[in-house]
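S.K.: Give me coordinates for this.
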Amino acid sequence: MPDPQSPSTHAPQISPFIELSRADWAALAPSMPSPLRETEIVQLRGLGEPLDPVEVAEVYLPLSRLLNLYVGGTKALHEVTSTFLRERFASTPFVIGVAGSVAVGKSTIARLLRELLARWEHTPRVELVTTDGFLFPNAELERRGLMERKGFPESYDRRALLRFVSEVKAGAPEVRAPFYSHLAYDIVPDAQVTVRRPDVLIVEGLNVLQPASPGHKLAVSDLFDFSIYVDARTSDIARWYEERFLKLQRGAFTNPRSYFHRFASLSEDEARARARSIWQSINEPNLLQNIRPTRSRASLVLRKGSDHAVSSVLLRKL
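M.R.: All right, here's what the predicted structure looks like:
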């Protein structure tokens, strides 16, 4: 009988991804000068996220260059396809999806990539749209009994989101999306975000990598040319969420117009207890049931350590 500890009895682990340590990833672009000043990086940083010039240079600058190469490759494919078909037609925007949990830092990454990509050739016009604008208005969520499931897939107008990205991807000259206010925690009536034929559209949100829902043939993720999942341990994300909640409680929540103004007067212990309750009842179940299961659908995974810094990168094999 073969020795169960013998290496010959263990099949090699097969993965659709190439995994690179942060050091190996950074070494792919050792001489790229960062186009962003430190003050610009500070402005892009999210609450509690220690984003600094080193992180930008070692992680996000190489990523932006890779994305730029993908865009260039897609344009080249468009050219040869046009030649093959003997028909000239305009190329369409390159669409990037950015997914991950609440508090994992995906919004900061999306904003940073927008700024970096706009400085490369082929991609001077980069637009960013978050899926928050496609949440149903609070009144509709209340009517459907979904206010406590805000952020879950069913709380979004997925048909409107799919239509929006489809129109952008089809090359429509102007496409409009609803505007979401984090202060009001709701859709703002008659306010819109307008996208006008960008070179690149970044779509950022919790559930953008979801497959098509039952009874539907197409999901918004089917329209992505590249997708990124921002990953971290659940315990780390829970801690980051709690710390962010405390910062918001001492900051944005103090505004009388804030939807969460009622939390501004809580003691620190009460605020921590409230943050943990929201995490355990809403955000963690959404992460475990809906968001993390889509990780394997991404083109690239950014894996973060407990200090919020990226520790490794997984890139899907071609």
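S.K.: and Ser166, that one's in a strand?
M.R.: No. Using DSSP: H, G, I helix; E, B strand; the rest coil, the assignment for Ser166 is helix, not a strand.
S.K.: so what's Ile41 up against?
M.R.: 51-53, 56, 112 (CB atoms under 8 Å, 6 or more residues apart in numbering). The way it works is simple: take the backbone N, C-alpha and C, and place the C-beta from them, glycine included.
S.K.: again, but for Asp190
M.R.: Asp190 touches nothing, counting by CB under 8 Å, 6+ apart.
S.K.: wait, is it part of a strand?
M.R.: Yes. According to three-state DSSP, Asp190 belongs to a strand.
S.K.: The longest helix that the chain contains - contacts with which helices or strands?
M.R.: In the chain, with assignment by DSSP state H, the single longest helix is helix 61-85. Contacts defined by 3 or more CB pairs under 8 Å, 6 or more residues apart in numbering; DSSP states H and E place helix 61-85 against strand 94-100, helix 106-117.
S.K.: ok and the last one relative to helix 61-85, angle-wise?
M.R.: Interaxial angle, helix 106-117 versus helix 61-85 (axes from the mean of the first three to the mean of the last three CA atoms, to 10 degrees): 70 degrees.
S.K.: now helix 106-117: mean pLDDT?
M.R.: Helix 106-117 shows a mean pLDDT of 95.
S.K.: The helix or strand following that helix pairs with which strands?
M.R.: Counting by DSSP states H and E, the next helix or strand C-terminal to helix 106-117 is strand 126-130. Partner strands and pairing direction for strand 126-130 (DSSP bridges) are strand 200-204 (parallel).
S.K.: For the helices and strands packed on helix 61-85, give me TSV that also has distance to Ile278 and mean neighbour count.
M.R.: Below are the helices and strands packed on helix 61-85 laid out as TSV (distance: least, CB to CB, whole Å; neighbours: other CB atoms under 10 Å):
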stretch	distance to Ile278	mean neighbour count
strand 94-100	18	27
helix 106-117	18	22
